[in-house]
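Peer 1: here are the coordinates; sequence isn't available:
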């Protein structure tokens with residue numbers, strides 16, 4: 001039967017532990033492979049599935065696509081299956097994958113007066129760009145690049161992992177709209193072509209990666225509007241934001257790099273995510289944010305007393 005709230009599912013070959021997270025369509029448990037002792041993340045599709053949805057197909061596609069991608073910064077998936085069918089007649093789908101315990105890149109978004117860790121953001125950007133280009137070389141478009149879909153490995157340094165290939169598709173079959181006309185992806189990071197129903201491409205992921213970088217550096221995605229309609233209109237018509245208006249210490253040259261990545265015509269964006277990441281890294285080399293206001297105040301008092 002399906003695993004209900006607060007229960008630990010019985011999955012053959014796994015010792016299932018604590019619940020790690022719960023989303024709108026799935027839950028994730030810590031688990032251990034009984035024969036190898038390897039710790040894994042166990043992801044289960046929530047039941048019952050809403051009528052008329054394709055969540056099961058999406059769940060299976062997520063596993064199949066991720067399984068075809070072998071890259072140090074793409075999530076590694078191990079196995080998949082279904083629990084015995086319950087009274088609904090539908091067995092709950094599950095998959096196991098690499099256990100990542102360093103949180104998501106969303107935790108790196110600066111809040112309030114906080115400043116970004118520029119070096120860490122650049123490292124993360126280069127890693128994720130390489131993962132995306134690896135996927136693109138295999139004709140896969142991710143379609144939902146955002147901070148929450150970049151997880152971090154625990155430990156020293158920065159090791160970012162691109163996850164959640166549930167909306168990914170092959171370039172030859174990339175339909176931008178989900179059933180009932182809903183946009184597939186997340187609006188604050190959705191490229192110009194997504195709400196227009198145009199064909200998607202690797203340049204679509206590059207646009208979303210640029211939106212992600214803007215949020216990691218400034219605390220907000222490029223077009224922070226109060227409604228979905230406002231966000232969509234901004235993606236369609238608004239120019240790329242000037243980042244110096246948000247963080248005055250950021251180099252003006254960065255605006256040009258990001259404006260190209262956010263251009264409305266995907267043909268005019270950088271040729272690859274790696275090219276974009278390299279341009280950002282070059283502009284930000286040696287750049288550090290100023291100290292927080294309290295530290296600056298102490299420095300001024302110290303200098304005045306010398």
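Peer 2: Received, thanks. As the structure is a computational prediction, the values presented were derived from the model and not from experiment.
Peer 1: Next, name the residue at the spatial heart of the chain.
Peer 2: Using Cα atoms, centre = their mean, the residue of the chain that lies closest to the mean C-alpha position is residue 149, 2.6 Å off.
Peer 1: The nearest residue in space to that one that is not next to it in sequence: how many residues sit nearby?
Peer 2: Excluding its sequence neighbours, the residue lying closest to residue 149 (Cβ to Cβ, 6 or more residues apart in numbering) is residue 164, at 4.5 Å. Quick note: C-beta positions are derived from backbone N, CA and C, even for glycine. Residue 164 has 21 neighbours, counted by other Cβ atoms under 10 Å.
Peer 1: Looking at residue 164 now. What's its pLDDT?
Peer 2: pLDDT for residue 164: 91.
Peer 1: list the contacts for it?
Peer 2: 62, 75, 144, 149 (Cβ atoms under 8 Å, 6 or more residues apart in numbering).
Peer 1: where does it land in three-state SS?
Peer 2: Following DSSP: H, G, I helix; E, B strand; the rest coil, we place residue 164 in the coil state.
Peer 1: So it versus residue 8, what's the distance?
Peer 2: 23 Å (Cβ to Cβ, to the nearest Å).
Peer 1: Same question for residue 46.
Peer 2: 15 Å.
Peer 1: Look at these two and report which has more neighbours.
Peer 2: The residue with more neighbours, out of residue 46 and residue 8, is residue 46; 18 against 15, by other Cβ under 10 Å.
Peer 1: so how far is residue 104 from the residue nearest to the centre of the chain?
Peer 2: Residue 149 is 8 Å from residue 104, by Cβ to Cβ.
Peer 1: again with residue 275
Peer 2: 25 Å.
Peer 1: Which of those two has more residues huddled nearby?
Peer 2: Comparing residue 275 with residue 104 by neighbour count (other Cβ under 10 Å), the higher total belongs to residue 104, at 18 against 15.
Peer 1: my guess is that one meets residue 147, correct?
Peer 2: Yes - using Cβ atoms under 8 Å, residue 104 is in contact with residue 147, at 6.3 Å.
Peer 1: Spit out the contact partners of the nearest residue to residue 75 once chain neighbours are set aside.
Peer 2: Spatial nearest neighbour of residue 75, chain neighbours left out: residue 163 (4.4 Å); criterion: Cβ to Cβ, 6+ apart. Residue 163 sits next to 75, 100, 149, 150, 151 when contact means Cβ under 8 Å, 6+ apart.
Peer 1: if you set the cut-off to 6 Å instead, what comes out?
Peer 2: 75, 149, 151 (Cβ atoms under 6 Å, 6 or more residues apart in numbering).
Peer 1: Let me know the closest of those to residue 130.
Peer 2: Nearest to residue 130 among these: residue 75, at 14.0 Å, using Cβ to Cβ.
Peer 1: Low-confidence ranges, the stretch 151-300 of the chain, go.
Peer 2: 174-185, 292-300 (pLDDT under 70).
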